[in-house]
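K.L.:
A predicted structure for the sequence below; I have some questions about it.
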Amino acid sequence: MVMKNRKEFAKCLLFVLAFSLPTLSWGTDLRSQMLANPCLSCHGPDKQSAGSIPPVVGMSAENIQSALLDFKNDKRMGTVMNRIAKGYTDEEIAALANFFTR
């Protein structure tokens with residue numbers, strides 16, 4: 001009976017590892033994508049916004065990060081971007097900048 005429980009435990013452990021290990025390496029990418037989802041509603045799913053909203057496609061990570069930090073610190077004024085940028089940490093802003101340049 002004990003041997004059966006060990007086998008079941010090993011199967012469960014193998015199952016958990018098989019499905020969690022790939023996400024460990026993808027975690028940052030998934031997190032960045034989740035952080036960027038609200039941005040995509042205005043800036044477009046292909047990062048090319050329509051209308052008067054500036055597109056982020058083609059911008060460097062440094063420019064995106066600088067713009068977001070300026071919005072966050074009220075050094076640059078926007079309609080809603082100041083409020084949005086204040087909701088992100090500096091690390092999240094860096095992750096967003098990297099996400100948009102991929």
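P.N.:
All right, it came through fine.

K.L.:
how about the nearest residue to the residue nearest the centre of the chain, chain neighbours excluded?
P.N.:
By C-alpha atoms, centre = their mean, the mean C-alpha position of the chain lies nearest to Ser32, the distance being 1.2 Å. Spatial nearest neighbour of Ser32, chain neighbours left out: Phe99 (4.0 Å); criterion: C-beta to C-beta, 6 or more residues apart in numbering. Quick note: C-beta positions are derived from backbone N, CA and C, even for glycine.

K.L.:
how close does the one you found sit to Ser66?
P.N.:
Shown here: Phe99 relative to Ser66, a distance of 16 Å by C-beta to C-beta, to the nearest Å.

K.L.:
same thing with Ala94?
P.N.:
Computed as C-beta to C-beta, the Ala94 to Ser66 distance reads 11 Å.

K.L.:
In which helix or strand does the residue nearest to Asp90 when sequence neighbours are not counted reside?
P.N.:
Distances taken as C-beta to C-beta, 6+ apart place Leu69 nearest to Asp90, at 7.1 Å, with adjacent residues excluded. Assigned by DSSP states H and E, Leu69 belongs to helix 61-72.

K.L.:
And the contacts of that helix?
P.N.:
56, 75-76, 78, 81-82, 84-86, 88, 90, 93-94, 96-98, 100-101 (C-beta atoms under 8 Å, 6 or more residues apart in numbering).
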